[in-house]
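Q: below are the sequence and a predicted model; questions follow.
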Amino acid sequence: MKIITLTLNPAFDVHCSIQDFKPYSENLAKITSVNAGGKGINISRALNAGGTDNHAFIVLGEENATEFKKELAADNIKFTEITVKGKIRQNITVHTTGKKETRISFEGFKCEDKVLDEFLKDLPADLSNTVVTFTGRTPIGMNIDKIKSFLVNLKKRGARLVIDSRSFGISDLTELCPWLIKPNEEEISIYTDVKITDTESALTAAERLYRSGIENVMISLGANGAVLYCDEGGFVCPAPKTEVISTIGAGDSSIAGFLTAFKLGLSKKEMLKYAVCYGSAACLTEGSNPPRSEDIDLLIKKITV
């Protein structure tokens, strides 16, 4: 099985620390890391951490593409690029001791619909043994209907689609019927118009979306782990207790864990277990760094579905 991650709207993830962050005031920050990011890139990086082969398809802004590609090469990410005019955006995450992270996302390059046609030329005609992830917000200038047509084309080629994007509403998802979605508590509440208060209500919401035609509905619940509803039933997986360093990219890592277990031929129950393991392990690293293999090996033994 092949895994392809698609990132149309990448970003440089800039992480900085401020001892006592004060909104509406001047703050002196120390930059702790700068990484090539974007949800698809985060998935590829986490897959690499677990030894799972994958290939990233990515759109880059020509003004700072060289620096971005150096970061990808340093992380041993295999990729196919399409370069457009403009600059890759920045995401700034402010870390303050004892407080939640503050995130600031900037706009990036504009991207025309024809980029999708270029990707179609580069992608294999037969995707029957391939998972394609479409994650993150769509770039400025790209039409959502064109993106949906592109994804339908991939399905016709046989691809299993993974979608984790706030650019799609519930009507888009039920129209596309992807193989996997991974909304968080906030997103699933918007999709179902029901407030998620516990794992039981999350599982009920997941079942509702499964009944609409989405094959696997996994809802990430932060420190409470995740739930999954699929053809094998409903499953709840609490997260192991860990000291959280950064939550950036944890949801993307959970998708990587799910796909790793799928490639290993494991059951859906085990796929959820791996998802929670990878997501939890990602929280043990600084910034948007991927989970470490030693943390994955340690945590997988502590998780029960």
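A: Noted; the coordinates are in hand.
Q: who's S33 bridged to?
A: For S33, the beta-bridge partners are H15 (DSSP bridges).
Q: quick check, it in contact with I248.
A: No: between S33 and I248 there is no contact under C-beta atoms under 8 Å: 10.2 Å. No exception for glycine: its C-beta is placed from N, CA and C like everyone else's.
Q: so these two - more neighbours on which side?
A: Per other C-beta atoms under 10 Å, whichever of S33 and I248 has more neighbours is I248, with 25 against 14.
Q: residue nearest the middle of this protein, spatially speaking?
A: The centroid of the chain falls nearest to D252 when counting by C-alpha atoms, centre = their mean (3.1 Å).
Q: and it, what element?
A: Here D252, judged by DSSP states H and E, is contained in helix 250-263.
Q: quick one: mean pLDDT over that helix.
A: Mean pLDDT, computed over helix 250-263, is 97.
Q: what does stretch 234-248 rub up against?
A: Stretch 234-248 has contacts (C-beta atoms under 8 Å, 6 or more residues apart in numbering) with 13, 15, 93, 95, 101, 199, 203, 206-207, 221-229, 268-269, 272-273, 275-276, 279-280, 283-289, 299, 302-305.
Q: give me the subset of the residues you listed lying in strands.
A: In strands, defined here by DSSP state E, the members of these are D13, H15, T93, H95, A226, V227, L228, Y229.
Q: pick out the lowest-pLDDT one from these.
A: H95 (86).
Q: for the closest residue in space to that one that isn't next to it in sequence, list the residues it contacts.
A: Nearest residue to H95, sequence neighbours excluded (C-beta to C-beta, 6 or more residues apart in numbering): S17, at 4.8 Å. When contacts are counted by C-beta under 8 Å, 6+ apart, S17 is found next to A29, K30, T32, V94, H95, T96.
Q: quick one: these as TSV, columns for distance to E112 and neighbour count too.
A: Formatted as TSV, the contacts of S17 follow (distance: C-beta to C-beta, whole Å; neighbours: other C-beta atoms under 10 Å):
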residue	distance to E112	neighbour count
A29	35	16
K30	38	10
T32	35	14
V94	33	19
H95	36	21
T96	39	17
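Q: tell me which of those is nearest to G257?
A: H95 (24.0 Å; C-beta to C-beta).
Q: sketch out the strands for the chain, chain order is fine.
A: 2-7, 11-17, 30-37, 55-61, 79-84, 89-95, 102-105, 130-135, 160-164, 180-181, 216-220, 226-230, 233-237.
Q: CSV for these, including distance to K114?
A: Shown next, in CSV, are the strands of the chain (distance: least, C-beta to C-beta, whole Å):
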stretch, distance to K114
strand 2-7, 16
strand 11-17, 22
strand 30-37, 24
strand 55-61, 11
strand 79-84, 10
strand 89-95, 20
strand 102-105, 25
strand 130-135, 18
strand 160-164, 21
strand 180-181, 27
strand 216-220, 32
strand 226-230, 36
strand 233-237, 42
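Q: and D117, which of the ones you listed is closest to it?
A: That would be strand 79-84 among the strands of the chain, by C-beta to C-beta, at 10.3 Å.
Q: pLDDT of the closest one, averaged?
A: Strand 79-84 comes out at a mean pLDDT of 95.
Q: repeat that for stretch 279-290.
A: 90.
Q: buried sites along it?
A: Burial within stretch 279-290, assessed by neighbour count using 16 or more other C-beta atoms under 10 Å, is assigned to G279, S280, A281, A282, C283, L284, T285, G287, S288, N289, P290.
Q: hey, C-alpha coordinates of it in CSV?
A: Output of stretch 279-290 as CSV, limited to C-alpha atoms (Å, rounded to 0.1, in the frame of the first residue of the first chain):
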residue,chain,number,x,y,z
GLY,A,279,-0.8,11.7,18.8
SER,A,280,0.2,11.3,22.4
ALA,A,281,3.9,10.8,21.5
ALA,A,282,3.8,14.0,19.4
CYS,A,283,2.9,15.9,22.5
LEU,A,284,6.2,14.9,24.1
THR,A,285,8.2,16.8,21.5
GLU,A,286,8.8,20.5,21.2
GLY,A,287,7.1,22.7,18.6
SER,A,288,5.8,20.7,15.6
ASN,A,289,8.4,18.0,15.8
PRO,A,290,7.1,14.5,15.0
